[in-house]
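Novice: The following comprises the amino acid sequence and a computationally predicted model.
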Amino acid sequence: MDSQLRRTKIIATLGPATDAPGMLEKILVEGADVVRLNLSHGAADDHRRRAREARAAAASLGREVGVLADLQGPKIRIAKFASAPVMLEPGQPFALECDANAAPGDVHRVGVSYLDLYNDVRAGDTLLLDDGLIALGVERIDGTTIRTVVAVGGALSDRKGINRLGGGLSLAALAEKDKLDIRLAAELGADFLAVSFAKSAADMIESRKLLRAAGGSAALVAKIERAEAIVALGEIIDASDAVMVARGDLGVEIGDAELPGIQKKIIREALSRNKAVITATQMMQSMVESPIPTRAEVLDVANAVLDGTDAVMLSQETAAGKHPDKAVAAMRRVCLGAEHQFDTTERYQPGTHKFDRTDQAVAMAAMFLSAQVDPRAIVALTESGATAQWLSRYRSAVPIYALSRREAARRRMLLLRDVIPVEFDPHGVDAAHAAKAAIQHLYNQSRLAEGDRVILTHGDHTGQHGGTNTLKLLRVGAGGVAEGLGDL
C-alpha cells in the first residue's frame with residue numbers, strides 16, 4: 001500500500017537529533033504527519049526555529065505538516081544532589097524536604113520542586129521516583145519534611161520525577177511556565193496544544209481561555225497521565241478536541257498491570273465521543289539506540305492501531321535518538337501492516353448514534369452507504385474539517401479525502417485517522433459545480449481513476465462553516481468528469 005494511503009497518523013518529536021542537516025525532510029518523507037515541540041526542554045527560540053524549519057521542510061516537499069506544542073505541566077521533581085547520583089538501599093530512611101531553601105541533597109535527604117507535597121501525602125502512602133524505578137514508603141510527616149523508608153532502591157540522580165501511587169496530588173495542571181508557553185504556542189501558530197497532567201474539564205477550559213486570549217487557534221489535546229483523569233475521563237474528553245494516552249506518568253500512578261486496559265478504555269471513549277486520540281510514550285524506545293524495533297514494540301504499536309487510535313507518537317526516539325528517520329519508517333511499516341488486518345465489520349451500528357448537527361447525520365449516512373456499495377473513496381468538501389472528523393470516527397474500509405481551502409483546517413485534519421487533507425478552493429462556485437470540480441481535482445492528482453465510485457458530501461453553500469447537508473453517490477467518468485449513478 002502506498003504510504004499516502006496509510007490511515008494512522010504519526011507524530012514525531014523534534015529535538016537535537018532532528019536538527020541534523022536534512023533530517024527534517026527525511027522524517028517527513030518517511031511518514032511524519034505532525035511534529036511535536038516538547039516545551040519541557042529547550043529555549044523558546046529553539047522552538048521557534050524548529051517550527052519554522054519544519055514548515056519550510058514540508059513546503060519544500062510540496063506538503064503540509066501539523067505542529068503540536070506540548071506543555072511541560074506541573075511535574076513534581078526532586079531537586080539536585082551535592083554529588084549525583086546517590087545510591088538508595090532498601091530499608092534505609094530517606095527524607096523529602098518541602099523547603100525552597102533546602103540544601104543540595106545527599107544519600108539521606110533531598111529537596112522537592114512542589115513545596116506543598118507534604119500536605120498531599122499521608123503515612124502509608126507510596127511515592128514513586130524516576131518513573132517508578134525507586135519506591136519510598138511514607139512513614140510520617142515532620143512539619144514540611146516527609147520521612148520515608150526506601151522500599152525499592154537504586155541510583156537516584158538530579159531532577160527525577162515524583163508520583164504518588166494511586167494519584168491524588170492537588171497541584172494545578174497549569175504552572176506559571178505553562179501560561180508563558182501557551183503564549184509561545186499562540187505566537188508559533190501551533191495547530192495543537194497538549195495540556196499535561198489535566199485532571200478535570202476545568203483544566204482544559206482554562207487552557208483554552210488562555211490560548212484564545214493570546215490569539216491562538218490550536219486544537220486542545222488533553223494528556224491523560226493522572227489517576228484522577230481516569231475518573232473524570234468523559235468530562236475531560238468533552239472539554240478537549242483530542243486526548244493523548246500519556247503512558248509514562250499514567251503507568252506509574254495506576255500501575256503497569258492496569259495500563260493496557262485503561263489505554264483501550266481511553267481510545268474507545270474518545271472515539272465514542274467523536275474526538276481524536278493519540279497513543280504515546282516509549283512506543284519504540286529501543287530505537288533511541290537500535291536501528292530496528294523489538295518485536296514487543298511492533299506489537300505495541302500494532303495493537304494501538306487495531307484498537308482504533310488516530311495517531312501514534314515518537315518521543316525520545318526522534319528527538320534524541322540515533323536513527324530518527326528509521327524510527328519513523330519503522331512506525332509507518334507497522335501501521336500499514338496492522339491496518340491490513342483492521343476489522344471494519346463494526347464500522348456501522350444502526351440505532352446507537354444520535355445527532356445534534358446535520359453534518360453528523362450526513363457523515364453517518366455516508367458511512368452506512370460506504371458499507372453497502374464499497375466505493376473507492378469518500379470525498380468531503382469541508383470548510384472547518386468538522387465533517388471529515390465525524391466521518392473518521394466510524395471505522396471505514398476506504399480513504400476519506402477532505403478538501404478544504406483553509407490551511408489551518410487541513411493541518412488539524414492531519415491528526416485524523418483515515419483522513420487525507422487536500423487543498424481545494426471552491427469559493428465563488430455554486431455547490432453543484434464545486435462538487436464536480438472536486439472530483440476532477442482528485443482525478444488530476446491521480447487519487448481517483450476512471451470508473452471509481454465515490455461518495456461525496458458537501459453543503460448547499462460553499463465556504464460555510466458547518467453547512468454540510470448533501471450526500472451524493474457518483475462515478476468518475478472519462479477525463480475525471482463526475483457522473484450520477486443510475487444503478488450500483
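Specialist: Happy to help now that I have it.

Novice: ok, residue 265 - contacts?
Specialist: By CB atoms under 8 Å, 6 or more residues apart in numbering, residue 265 lies in contact with 230, 233. Where C-beta positions appear, they are placed from N, C-alpha and C, glycine not excepted.

Novice: doesn't residue 194 make contact with residue 415?
Specialist: No. Contact criterion CB atoms under 8 Å: residue 415 and residue 194 do not qualify, at 11.3 Å.

Novice: Show me which of those two is the more surrounded one.
Specialist: residue 194 (32 against 27; other CB atoms under 10 Å).

Novice: Spell out the secondary structure type for that one.
Specialist: Here residue 194 is recorded as strand under DSSP: H, G, I helix; E, B strand; the rest coil.

Novice: Return the set of residues that bridge with it.
Specialist: residue 70, residue 221 (DSSP bridges).

Novice: For residue 69, give its distance to residue 423.
Specialist: Note on residue 69: its distance to residue 423, by CB to CB, to the nearest Å, is 24 Å.

Novice: cool, residue 327 as well?
Specialist: Counting by CB to CB - residue 327 and residue 423 are separated by 29 Å.

Novice: Tell me which of these two has more neighbours.
Specialist: When neighbours are counted by other CB under 10 Å, residue 327 and residue 423 differ, and residue 327 comes out ahead with 32 against 12.

Novice: Assumed that one was part of a helix.
Specialist: Yes. According to three-state DSSP, residue 327 belongs to a helix.

Novice: tell me the contacts of it?
Specialist: Residue 327 sits in contact with 12, 284, 287, 293, 314, 317, 318, 321, where contact means CB under 8 Å, 6+ apart.

Novice: With adjacent residues omitted, what lies nearest to residue 248?
Specialist: residue 281 (4.5 Å; CB to CB, 6 or more residues apart in numbering).

Novice: mind checking pLDDT for the most centrally placed residue in the chain?
Specialist: Centroid-nearest residue in the chain, with CA atoms, centre = their mean: residue 278, separated by 3.5 Å. Residue 278 is assigned a pLDDT of 98 by the prediction.

Novice: Quickly run through the sheet partners of the helix or strand where it lies, with directions.
Specialist: Using DSSP states H and E, residue 278 maps to strand 276-280. Partners of strand 276-280 in the sheet, by DSSP bridges, are strand 242-246 (parallel), strand 311-314 (parallel).

Novice: can you list contacts of the longest one?
Specialist: Counting by CB under 8 Å, 6+ apart, strand 242-246 makes contact with 192, 194, 196, 219-225, 236-237, 262-263, 266-267, 270, 275-281, 309-310, 313, 415, all of which sit outside it.

Novice: ditto for the last one
Specialist: Applying CB under 8 Å, 6+ apart, the set of residues contacting strand 311-314 from outside is 8-13, 33-34, 36, 244, 276-281, 283-284, 301, 304-305, 327-328, 331, 335, 415, 417.

Novice: Do I have it right that residue 38 meets residue 15?
Specialist: Yes. With contact defined as CB under 8 Å, residue 38 reaches residue 15; the gap is 7.1 Å.

Novice: so what sits against both of the two?
Specialist: residue 319.

Novice: Show me the shaky parts of this protein.
Specialist: Flagging of the chain using pLDDT under 70 yields the residue ranges 1-4, 343-356, 460-467, 485-488.
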